[in-house]
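Participant: only geometry, no sequence info:
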């Protein structure tokens, strides 16, 4: 059914959809920083960055468990991603564990983990990774329909002995198959979406969250490459509602919150600075957008506390981030600005936003 034809009862139904969430895997049940060491042929792995087919190379991952003991696991690595893989001095990696070895450890249930790390050596690049981690954590606070994350203080040892060892704060991201299992969802592989196929509240929440962090590097409708929708958003469905698609966003390094040196707004938008917020959300019934905004307001205290307690960030970065997020809540709290900068700027069928 098209959104503009939703009855009030139907609208309330989609607004009250709630994940029957199971507990996440142990790795994502806590936010304490894990100390770890990755020993692997990093030089060989980085040399594969431009190859379409990149093989996993054997390595070892050691970490300190809750009892203070060092545990060692086999972990193969390969480079991953798109832009950062090709443009970063230190391309991002994927860790591939052996299921038989992780049983009974903090990493039980893990198989392949995306590792998000600084693009290059240096304090500035380190701060950018931590800001992206905070973006993930912000969305986790807003909704269970999100990817879990965990910080690691990771030391890299190149077994090729061609690079000096170094240590960075990095984070790992919950695998999409584990998200589906935790939320009792099914991962969806489609070429594109229609607006009417998106679960309204979840989609509206994604759009407002992306406005909060000033991220325009996403799409709920299609991928730029035209395959496996969507751009920096994974799609899921429920077994009992196969026509209702639930979006979960990821990859926020192009956002204004992070403000990476390589980030810029899309050329077709009337803004020139990546930190300038510009709403690109899809038009939806006003009640849906208001409900999503109310959810974010309800989480205001927890979200601001997240940034205020982020002592792993340098003081200047933390203060800028707190101010930036607080400015978004000022927009939400100003009816005239919300009308002009959100409601009137939506994309698609403008008649939808006036429906009830």
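Facilitator: Arrived safely, thanks for sending. Note that the coordinates shown come from a computational prediction; the quantities given were computed from them, not determined experimentally.

Participant: In the stretch 251-356 of the chain, mark out all the strands, start to finish.
Facilitator: When assigned using DSSP state E, counting those that start in this stretch, the stretch 251-356 of the chain turns out to have no strands.

Participant: Excluding residues flanking it in the chain, which one is nearest residue 79?
Facilitator: For residue 79, the nearest residue in space outside its immediate sequence neighbours is residue 91; the separation is 4.5 Å by CB to CB, 6 or more residues apart in numbering. For every residue, glycine as well, the C-beta is placed using N, CA and C.

Participant: residues touching that neighbour, list them.
Facilitator: Listed by CB atoms under 8 Å, 6 or more residues apart in numbering, the contact set of residue 91 reads 46, 49, 79-81, 84-85.

Participant: So it lies in a helix, does it not?
Facilitator: No - looking at residue 91 with DSSP: H, G, I helix; E, B strand; the rest coil, it is coil, so not inside a helix.

Participant: Report the secondary structure element holding residue 154.
Facilitator: Counting by DSSP states H and E, the element that carries residue 154 is strand 149-158.

Participant: buried stuff in the next helix or strand after that strand?
Facilitator: Moving toward the C-terminus from strand 149-158, the next helix or strand (DSSP H and E) is strand 166-173. Judged by neighbour count using 16 or more other CB atoms under 10 Å, the buried positions of strand 166-173 are 168-173.

Participant: Then stretch 61-77?
Facilitator: Residues of stretch 61-77 classed as buried under the neighbour-count rule (16+ other CB under 10 Å) are 61-63, 71, 73, 75-77.

Participant: Could you list which of the residues you listed belong to strands?
Facilitator: In strands, judged by DSSP state E, the following of those are found: 61-63, 71, 73, 75-77.

Participant: Can you tell me which of these is closest to residue 34?
Facilitator: Lowest distance from residue 34 to these (CB to CB) belongs to residue 63, with 5.6 Å.

Participant: you'd agree that closest one is up against residue 95?
Facilitator: No - using CB atoms under 8 Å, residue 63 is not in contact with residue 95, being 11.2 Å away.

Participant: Distance check, the nearest residue to residue 219 once chain neighbours are set aside against residue 168.
Facilitator: Taking CB to CB, 6+ apart as the measure, residue 219 lies nearest to residue 231, with 4.0 Å between them; neighbours along the chain are not counted. Computed as CB to CB, to the nearest Å, the residue 231 to residue 168 distance reads 27 Å.

Participant: Work out the gap between stretch 299-317 and the centre of the chain.
Facilitator: Offset of stretch 299-317 from its chain centre (CA atoms, centre = their mean, to the nearest Å): 17 Å.

Participant: pLDDT averaged over that stretch, what's the number?
Facilitator: Computed over stretch 299-317, the mean pLDDT rounds to 97.

Participant: ok, now stretch 147-155?
Facilitator: The average pLDDT for stretch 147-155 rounds to 98.

Participant: and if you look at stretch 32-41?
Facilitator: The predicted model gives stretch 32-41 an average pLDDT of 98.

Participant: what does stretch 209-221 give?
Facilitator: Computed over stretch 209-221, the average pLDDT equals 97.

Participant: ok, which stretches of the protein are helices?
Facilitator: 8-15, 42-47, 83-87, 99-102, 123-142, 176-183, 200-212, 286-298, 300-308, 315-333, 335-341 (DSSP state H).

Participant: Make a markdown table from those helices and add mean neighbour count and distance to residue 276 to it.
Facilitator: Putting these into a markdown table (neighbours: other CB atoms under 10 Å; distance: least, CB to CB, whole Å) gives the following:
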| stretch | mean neighbour count | distance to residue 276 |
| --- | --- | --- |
| helix 8-15 | 14 | 30 |
| helix 42-47 | 18 | 34 |
| helix 83-87 | 15 | 21 |
| helix 99-102 | 14 | 44 |
| helix 123-142 | 20 | 17 |
| helix 176-183 | 18 | 31 |
| helix 200-212 | 24 | 11 |
| helix 286-298 | 18 | 20 |
| helix 300-308 | 16 | 20 |
| helix 315-333 | 16 | 11 |
| helix 335-341 | 12 | 11 |
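
Participant: and residue 156, which of those helices is closest to it?
Facilitator: Closest among the helices of the chain, once you apply CB to CB, is helix 42-47, at 6.3 Å.

Participant: show me the contacts for the residue most central in space within the chain.
Facilitator: For the chain, the residue lying nearest the average C-alpha position, counting by CA atoms, centre = their mean, turns out to be residue 250 (2.8 Å). Neighbour list for residue 250: 136, 147, 173, 232-234 [criterion: CB under 8 Å, 6+ apart].

Participant: before we move on, what about residue 296?
Facilitator: Residue 296 makes contact with 142, 205, 208-209, 212, 303, 332 under the criterion CB under 8 Å, 6+ apart.

Participant: Now for residue 164, how many residues are close by?
Facilitator: The tally of other residues near residue 164 (other CB atoms under 10 Å) stands at 9.

Participant: now it, nearest residue through space, not along the chain?
Facilitator: Of all residues not flanking residue 164 in the chain, residue 158 sits nearest, at 7.9 Å (CB to CB, 6+ apart).

Participant: I'd assumed residue 42 was in contact with that neighbour.
Facilitator: Yes - in this structure residue 158 lies within contact range of residue 42 using CB under 8 Å: 4.3 Å.

Participant: For residue 170, name its beta-bridge partners.
Facilitator: When bridges are assigned using DSSP bridges, the partners listed for residue 170 are residue 152.
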